[in-house]
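Peer 1: Okay, sequence plus prediction incoming.
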Amino acid sequence: MRLLHAAILGVVALLLGAACKPRSQSAAQVDLAEARALALAAPGGDGPLDRDLLGIQERLVQKPVADDWVLLGQTWIRKARRAADPGLYLAADAAATLALSLQPGHRGAMGLRGMVLLNQHAFLEARNLAMAELARAPDDVLTLATLSDATLELGDVAGALAASQRLVDVKPGLASYGRAAHLRWVTGDVAGAKQLYARAIEAGRGARDPEPLAWMLVQAAGVFWHEGDLDGALAGAEQALLAVPGYAPALVLEARCRLARGEPDAASALLQRALTTQPLVETAWLLADARTLAGDPAGAAAAEARVVQEGRKGDALMLGAFLASRGRNLDEALRLLEAEHRDRPGLTVEDAYAWALHRAGRHTEARAAIDRALAHGTPDPRFLFHAGAIRLAQGDRDAGAVLVRRALALNPAFDPVAAAEARTLLGDARAISLAPGE
Amino acid sequence: MRFRSRLTGLLLAGLLSPLMALASSHREAPAISFDPAADNTDLWAWIKPGTHDRLYIVAAYNPLEEPSGGPNFHKFSDDVLYEVHIVRGVSSLADAITYEIRFRTEPLTRVDVADLTKGPGGGKEFFAQLSGSVGFQKQTYTVTKVQGRQSTVIARDVPVAPPNPGPRTFATLKALGLLNTPQNAYNDDFSQEFVRPMGNGGSEGTVFAGPRDDGFYVDLGGIFDLANVRAKGTAQDGVAGFNCHAIALDIPVTRVTADGQLPTTRTNDSIIGVWASASRRKINIQRQNGGAEAIGPWVQVSRLGLPLVNEAVIGLQDKDKFNRTTPATDVANFGAYFLNPIIVRDAEAVGIYAALGVDPTPFKSNRTDILDIIGLKQNGYNVTAIGDVLRVDLTTDSAFPNGRVIYGGTNKEDDVTDILLSVLLTGAPSGVSDGVDNNDATYLTRSPWLAKPWSGFDQGHGKPTP
């Protein structure tokens, strides 16, 4: 009944928008009518978030208030996260537009806009908007979170630390503890990261929308995964799945652990489930690996096709990383990653870019990029493996072997393909280093 | 993207370019989250009628707590500092007394899952009510009274009342010897077992902490539909059947006054103000290696004095700021919201004033009358320190806005929704009603005042399926 009601309201709003358009309407008016239709679109579900959306929409149809448009936009973003549907960010942006049309410069609306820019990977624009907003309102919580995320993606770890510190000073809670925890991990403090994730998780307990809690559980489990603690990682994934049944990021992490334990069939099933709700490139990539290990080359090829298909749709970073890892289409990989590196030289991009350069035989540039990726001591076995392999390729055998060994010591199964490659390299490195003296 | 299919083709044409720009990743950390364990929902404070010698305070947290909330039942947070603040006199909003309440949960013991000789209990259990030493994981708390520079622990390791999942849990825990009580059900006498003394021999009063019925009643749907109030009978109690987590204090008034005496005549010092808050720790991100030294001071993340101020008076863009500041700076920070209540403009826009034949102009701005009412001018006080605290006149029976009273043995509290709506919309203390006049449970005649928690088994918000 309520769904139907909102659907009708949405249609009425659309019709009203169309009927009221004067012939000489300005572009801005057209935009507002479209924004209205988008923001008031039916949520299409029957969960608590859908009921929240419907309630706010009904209020807004009766009387448009800037605060309510912002609340609506925030709820659309929560729904986008819960449903793993980035398309819903459009509705959030539309709500921001409508709030700003009523109250230019509305802080909440600008905060929403920043979050939408982040989701669109317009990190520079997000950072610029956040900095302009913070000049007006230095303590705005959403804007501080946006600034932290955007600066980190842009490769400015110190800037992200400063913004997150400000955020936690202003509002300790899941959002700020979680960012602090990630930055502790990025800067090499695993024990501190675990403590802060525990705080973030604790602060997320009992909320009606459990997605933020599930997210934090998976992030925390990721720290355990990176250091090869499969029990710890699996426990976190399991808790996240209790909080949000079928939560795709948790399924992916569980699949990684299963794969590490030599259960490629179980991993494949989990990854297929994850892909149905959240078609991410890295999930398809892992599925390809799992199927290869399960002796299903045709299935693996299909998953690799999916990697390329989803990657070309909108994830240049992961597609570039995939191609570099496979040593395939290196021209395309380099082109993609050069562009990513120009737009957002964060640590993950530096690492992927370094690996593509290495595969293309450009070892000096690769070395510079991987050193930037590791400049903060991030304990990510992939970074360490790449750094070691690049040094080996440069002839720096001792330092190279040490780094590759560290990667494998952290997590012997950090990646099904790369870990095997790491072992092969170590065999070679030993052979080479022994050869001259024998 | 499923969203696209829900839009008309016409609309889609105009929107294609932004859609193309959308990345398909979804890796951003959440920025919007709610923190129910550190969210104040209600505050009651009143003095014992007639004798005026006891001050009753109930501070509630954790909004709209679903009774059937397993497997992880709602609880107070060990990481949160809960506080009840008391200010004294007409000219100060500084804490005269602060009650600090900190919780601690016993860790679960690890149990070998494969060891079939082990009985129920420990970390192997799926059912949380079988995992701890009292069935549930035992949670206790400590109350510290802070006066000036003096901090005194007045209650230590007090047990928190357990959740109420249902009759089988109660019976099972009792049969296993985990619940040590003569009671056979989660009844009012069982609840009383968790009312404990503060100070030597109860010299500082009593305290209770645990889940209770959410004692607020309000047509949430109506109010937040732009004050779309409905007649009694059609109005809906949006809080009905939900629980909250409450801290109830029952304090001798002589422990609150500056001179330790019961005030009998009205003076500048015979009025107090009460507010409650929740705080979490700052942390130092850059400190390495996770030591305890990385944990910083407390930052307030929620507070509540007068009902509905945060919800119906303070604008969205200032809610975070409101929650982290104290009443002492309210006039400077948020005075404009009190003087020019936004709800009046909303009510005008949806035709409430037109329907009543009332001119809203006088109620839109310069509402010093609101400040007078919350400062108890009508009781003869000239309060110069105005902020969001619940004022209580210690010399006369309480009735909102002089305190906020739970009338034990009935299903009535002060109908703060009606009173506040009336004051905000019409300047008079009555006349507007949300049509919800009763709580859905009967209040107790003593601490913790709020009714026992709704049972998860048969009083949750689920519905039977055909």
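Peer 2: Alright, I've got the coordinates. Because the structure is a prediction, the values reported are computed rather than measured.
Peer 1: how about the helices of the stretch 201-350 of chain B, start to end?
Peer 2: Assigned by DSSP state H, counting those that start in this stretch, the stretch 201-350 of chain B shows helices spanning B:220-223, B:309-312, B:319-324, B:330-339, B:342-349.
Peer 1: Extract the residue ranges of the stretch 101-250 of chain B that are flagged as low pLDDT.
Peer 2: Across the stretch 101-250 of chain B, the ranges flagged by pLDDT under 70 are B:110-111, B:113-114, B:116-135, B:224-227.
Peer 1: any chance you could map the strands in it?
Peer 2: Counting by DSSP state E, counting those that start in this stretch, the segments of the stretch 101-250 of chain B that form strands are B:139-147, B:150-159, B:196-198, B:205-213, B:243-252.
Peer 1: Contacts for the third one next, please.
Peer 2: By Cβ atoms under 8 Å, 6 or more residues apart in numbering or on different chains, the residues outside strand B:196-198 that reach it are B:143, B:145, B:154-155, B:158-159, B:204-208, B:249, B:251. Where you see a C-beta, it was placed from the backbone N, CA and C, and this is true even at glycine.
Peer 1: can I get those residues in CSV with distance to residue A:144 and neighbour count?
Peer 2: Output for the contacts of strand B:196-198, formatted as CSV (distance: Cβ to Cβ, whole Å; neighbours: other Cβ atoms under 10 Å in any protein chain shown):
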residue, distance to residue A:144, neighbour count
B:143, 34, 25
B:145, 35, 19
B:154, 38, 21
B:155, 38, 23
B:158, 38, 21
B:159, 39, 15
B:204, 41, 21
B:205, 41, 24
B:206, 42, 20
B:207, 37, 26
B:208, 38, 25
B:249, 36, 25
B:251, 39, 24
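Peer 1: which of the residues you listed come close to chain A?
Peer 2: Filtering those for proximity to chain A (criterion: Cβ under 8 Å from any Cβ of the partner chain) leaves nothing.
Peer 1: What parts of the stretch 51-200 of chain B come near chain A?
Peer 2: B:62, B:64, B:65, B:69, B:71, B:72, B:74, B:75, B:77, B:78, B:79.
Peer 1: hang on, the second one in a helix?
Peer 2: When you say that, I think you mean residue B:64. No. According to DSSP: H, G, I helix; E, B strand; the rest coil, residue B:64 belongs to no helix; its state is strand.
Peer 1: Near the residue lying closest to it once chain neighbours are set aside, how many other residues are there?
Peer 2: Closest residue to residue B:64 apart from its sequence neighbours, by Cβ to Cβ, 6 or more residues apart in numbering or on different chains: residue B:242 at 4.8 Å. Taking other Cβ atoms under 10 Å in any protein chain shown as the criterion, the count of residues near residue B:242 is 23.
Peer 1: What of residue B:156?
Peer 2: A total of 12 residues lie near residue B:156 under the criterion other Cβ under 10 Å.
Peer 1: so who does it touch?
Peer 2: Per Cβ under 8 Å, 6+ apart, neighbours of residue B:156: residue B:142.
Peer 1: next one: residue A:204
Peer 2: For residue A:204, the contacting residues are A:174, A:210, A:212, A:213, A:216, B:33, B:35, by Cβ under 8 Å, 6+ apart.
Peer 1: Going along the chain, name the helices of the stretch 51-200 of chain A.
Peer 2: So, for the stretch 51-200 of chain A - with DSSP H, counting those that start in this stretch - the helices run A:66-82, A:89-102, A:107-119, A:123-136, A:141-153, A:157-170, A:174-186, A:190-204.
Peer 1: could those be laid out in a markdown table, adding mean pLDDT and distance to residue B:390?
Peer 2: A markdown table is the format used below for the helices of the stretch 51-200 of chain A (pLDDT from 0 to 100; distance: least, Cβ to Cβ, whole Å):
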| stretch | mean pLDDT | distance to residue B:390 |
| --- | --- | --- |
| helix A:66-82 | 92 | 25 |
| helix A:89-102 | 95 | 33 |
| helix A:107-119 | 93 | 28 |
| helix A:123-136 | 96 | 33 |
| helix A:141-153 | 96 | 27 |
| helix A:157-170 | 96 | 26 |
| helix A:174-186 | 96 | 29 |
| helix A:190-204 | 94 | 27 |
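Peer 1: Buried residues, stretch B:372-392. List them.
Peer 2: B:373-376, B:379, B:381, B:383, B:385-392 (16 or more other Cβ atoms under 10 Å in any protein chain shown).
Peer 1: scratch that, stretch A:139-153 is what I was asking about
Peer 2: Neighbour counts over stretch A:139-153 (16+ other Cβ under 10 Å) mark A:140-153 as buried.
Peer 1: Does that stretch reach chain B?
Peer 2: Yes. Remark: stretch A:139-153 sits within contact range of chain B at A:139, A:140, A:141, A:142, A:145, A:146, A:149, by Cβ under 8 Å from any Cβ.
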